[in-house]
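[1] Quick one, what's the 3D model for this:
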Amino acid sequence: MKLWLVRHARTDAAPGLCYGVTDVCVPAEATLAVARAVQACIPAGTAVVHSPLRRCAELADAIGMLRPDLAVRADARLAEMDFGIWEGRPWASIPLADFDAWIGNFADGLPGEYGESTASFMQRTGAAFDEWRASGQDAVWVTHAGVMRAVQLLHRGVRRVEAATQWPAGPIDYGACLLIECD
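    Numbers count the residues shown, from 1 in each chain. Have a look, this model is predicted:
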């Protein structure tokens, strides 16, 4: 059983901007380029599930337009992490003490005062991942780098991350497509 994880195309947000659940735009031509690149490797009839955030919904819709044989639907559990009051601010402007406080309590701390804890983020992503596994069907998730990293952990059996050092740190390019395979 296969799960393709597709990251949205590059947004028009300024580099270094924190935009977890902030609905930033992606240029239409960038979205279409990613859709064209990934649609050819998706088997017929595969479900395309996407984050409800615009940068992913538009990509999923573009894939669906190129491949009308694919069923496309939104799932709120595939949205990026909420960074609270940090949303829409440059990462460099976030007080180091506030950032360190979140990192110091990485599992249960709330980024940006009222954002989503890593434990909650892993829990909701894990619920979607478990549902996909129980379906026994291949799927494509059009989502965000944070969700893709969470799925990498879930695939290895990690359900809770206690320290930031456990979080996958490797880069995930815009438009990247990762394949997860399970029995």
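[2] and the lengthiest helix in the chain, what does it pack onto?
    Longest helix of the chain, by residue count under DSSP state H: helix 118-135. Judged by 3 or more Cβ pairs under 8 Å, 6 or more residues apart in numbering; DSSP states H and E, the packing partners of helix 118-135 are strand 139-143, helix 145-155. Where you see a C-beta, it was placed from the backbone N, CA and C, and this is true even at glycine.
[3] Name the surrounding residues that touch that helix.
    Contacts to helix 118-135, defined as Cβ atoms under 8 Å, 6 or more residues apart in numbering, come from residues 1, 3, 49, 75, 77-78, 81, 106-109, 139, 141, 146-147, 150-151, 153-155, 159-161, 167, 182.
[4] ChimeraX command for the buried members of those?
    Only the buried entries of those go into this ChimeraX selection, using 16 or more other Cβ atoms under 10 Å:
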select :3,49,75,77,78,81,106,139,141,146,147,150,151,153,154,161,167
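[5] just to revisit the earlier point, would you format the helices and strands packed on helix 118-135 as TSV with distance to residue 19 and mean pLDDT included?
    Below are the helices and strands packed on helix 118-135 laid out as TSV (distance: least, Cβ to Cβ, whole Å; pLDDT from 0 to 100):
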stretch	distance to residue 19	mean pLDDT
strand 139-143	14	98
helix 145-155	11	98
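[6] Can you tell me which of the ones you listed is nearest to residue 92?
    helix 145-155 (18.7 Å; Cβ to Cβ).
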